[in-house]
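Colleague: generate a structure from the sequence data that follows.
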Amino acid sequence: MPEELPRICRFSLTAAFVRAVIRLSAAETRRVWKTLDILARNPNNPGLGLEDLRGTEGLKSVRLSDSLRIILSGDTPPVLEFVGGHDEAYRLASRMSKERTELFGKYPLRVLLEPPSLRVARSSEPSELPMIDLDVQASAPSVRELPQPLHTDTVERLLTRSKKYLPLTLYLASRPPTENSLTLSFVQVEHLLVARLPMSARVFRPWWANDATHVQATAWLAAGWQTTEVDMQQQKVKFVRSVI
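Modeller: All right, here's what the predicted structure looks like:
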């Protein structure tokens with residue numbers, strides 16, 4: 001049995017967890033948050049099926065359903081490593097532990113087996129700026145986790161309200177540490193999301209405000225970035241890395 005855990009006030013997320021959530025259905029994503037809400041309020045709730053994974057270093061499993069599991073590590077704050085099918089989650093946990101042991105020996109460092117990578121959908125329509133062809137594996141270092149732990153209300157917004165914008169979160173979090181600002185056209189943002197921005201994003205400057213109560217702002221704030229300049233005429237937005 002795992003040791004009893006105190007009430008959780010915040011989580012840390014890995015890029016692998018964010019990528020996995022993007023693949024889930026809306027119903028599964030809501031279930032993820034419901035489970036994390038229970039975990040935050042009472043980590044010792046028997047319904048979670050929280051258990052240490054044998055043969056791994058500090059990895060635990062939480063049951064979402066008969067077929068879905070969350071893999072997490074650490075206690076302060078817990079790190080959400082992955083979410084997915086039972087077999088896939090357990091195989092990944094086993095590989096993570098083996099890779100970590102082989103590469104770092106006694107040092108308890110987490111490694112992701114695959115660097116974050118998004119292939120942006122191509123469009124037949126020409127854009128004002130070159131289309132983003134994002135391949136983080138080639139252009140930027142892998143991101144083990146988002147820049148800072150997130151409070152549970154932020155995690156809730158990301159999972160239940162901001163899921164559409166999670167690819168933007170991952171893209172910004174994946175930028176090289178030497179890159180402190182970048183400008184994207186609204187079309188390029190849509191290519192990242194593989195979805196249209198709402199009309200308000202093209203008409204109202206406040207849509208791009210750094211207001212953590214807005215679902216879209218949660219996406220870039222969680223990645224450690226802020227908007228500074230929005231050109232509504234040219235349809236461009238500048239992001240800068242936040243000072244933590």
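Colleague: just checking, what packs against the helix or strand that contains Glu81?
Modeller: In this assignment (DSSP states H and E), Glu81 forms part of strand 79-85. When contacts are defined as 3 or more Cβ pairs under 8 Å, 6 or more residues apart in numbering; DSSP states H and E, strand 79-85 packs onto strand 10-13, helix 15-23, strand 68-73, helix 86-104. For the C-beta atoms, the positions are set from N, CA and C on the backbone; glycine is no exception.
Colleague: can we see that at 7 Å?
Modeller: strand 10-13, helix 15-23, strand 68-73 (3 or more Cβ pairs under 7 Å, 6 or more residues apart in numbering; DSSP states H and E).
Colleague: ok, how many other residues are close to Ile70?
Modeller: Residues within reach of Ile70, counting by other Cβ atoms under 10 Å, total 24.
Colleague: and if you look at Ala40?
Modeller: 20.
Colleague: my read: it touches Asp153, true?
Modeller: No: Ala40 lies out of contact with Asp153 (Cβ atoms under 7 Å); the separation is 9.9 Å.
Colleague: picking up where we left off before, minimum distance to Leu193: which of the helices and strands packed on strand 79-85 has it?
Modeller: Across the helices and strands packed on strand 79-85, Leu193 has its closest neighbour in helix 15-23 (10.3 Å, Cβ to Cβ).
Colleague: gap between that closest one and the chain center?
Modeller: Offset of helix 15-23 from its chain centre (Cα atoms, centre = their mean, to the nearest Å): 6 Å.
Colleague: burial measure for Pro78, as a count.
Modeller: Pro78, neighbours per other Cβ under 10 Å, totals 22.
Colleague: please apply the same query to Asn210.
Modeller: Asn210 has 13 nearby residues by other Cβ under 10 Å.
Colleague: sorry, back to before: deepest of the helices and strands packed on strand 79-85, which one?
Modeller: Stretch with highest mean neighbour count among those: strand 68-73 (a mean of 24; mean count of other Cβ atoms under 10 Å).
Colleague: where do the helices sit along the chain?
Modeller: For the chain, the helices defined by DSSP state H cover 15-23, 26-41, 86-104, 136-139, 152-156, 166-173, 186-193, 199-203, 215-222.
Colleague: tabulate these (CSV), appending distance to Val243 and mean pLDDT.
Modeller: Formatted as CSV, the helices of the chain follow (distance: least, Cβ to Cβ, whole Å; pLDDT from 0 to 100):
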stretch, distance to Val243, mean pLDDT
helix 15-23, 22, 88
helix 26-41, 28, 91
helix 86-104, 30, 69
helix 136-139, 23, 38
helix 152-156, 18, 91
helix 166-173, 15, 91
helix 186-193, 23, 92
helix 199-203, 26, 95
helix 215-222, 13, 94
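Colleague: make TSV from these and add distance to Gln235 to it.
Modeller: Output for these, formatted as TSV (distance: least, Cβ to Cβ, whole Å):
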stretch	distance to Gln235
helix 15-23	25
helix 26-41	29
helix 86-104	40
helix 136-139	24
helix 152-156	28
helix 166-173	16
helix 186-193	4
helix 199-203	7
helix 215-222	15
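Colleague: which one of the ones you listed lies nearest to Arg7?
Modeller: Closest approach to Arg7 among the helices of the chain is made by helix 26-41 (6.7 Å; Cβ to Cβ).
Colleague: if we can go back for a sec, which strands border the strand holding Glu81, and is each parallel or antiparallel?
Modeller: Next to strand 79-85 in the sheet, as set by DSSP bridges, lie strand 10-13 (parallel), strand 68-73 (antiparallel).
Colleague: out of the helices of the chain, which one sits most buried?
Modeller: The most buried one of the helices of the chain (mean count of other Cβ under 10 Å) is helix 166-173, showing a mean of 24.
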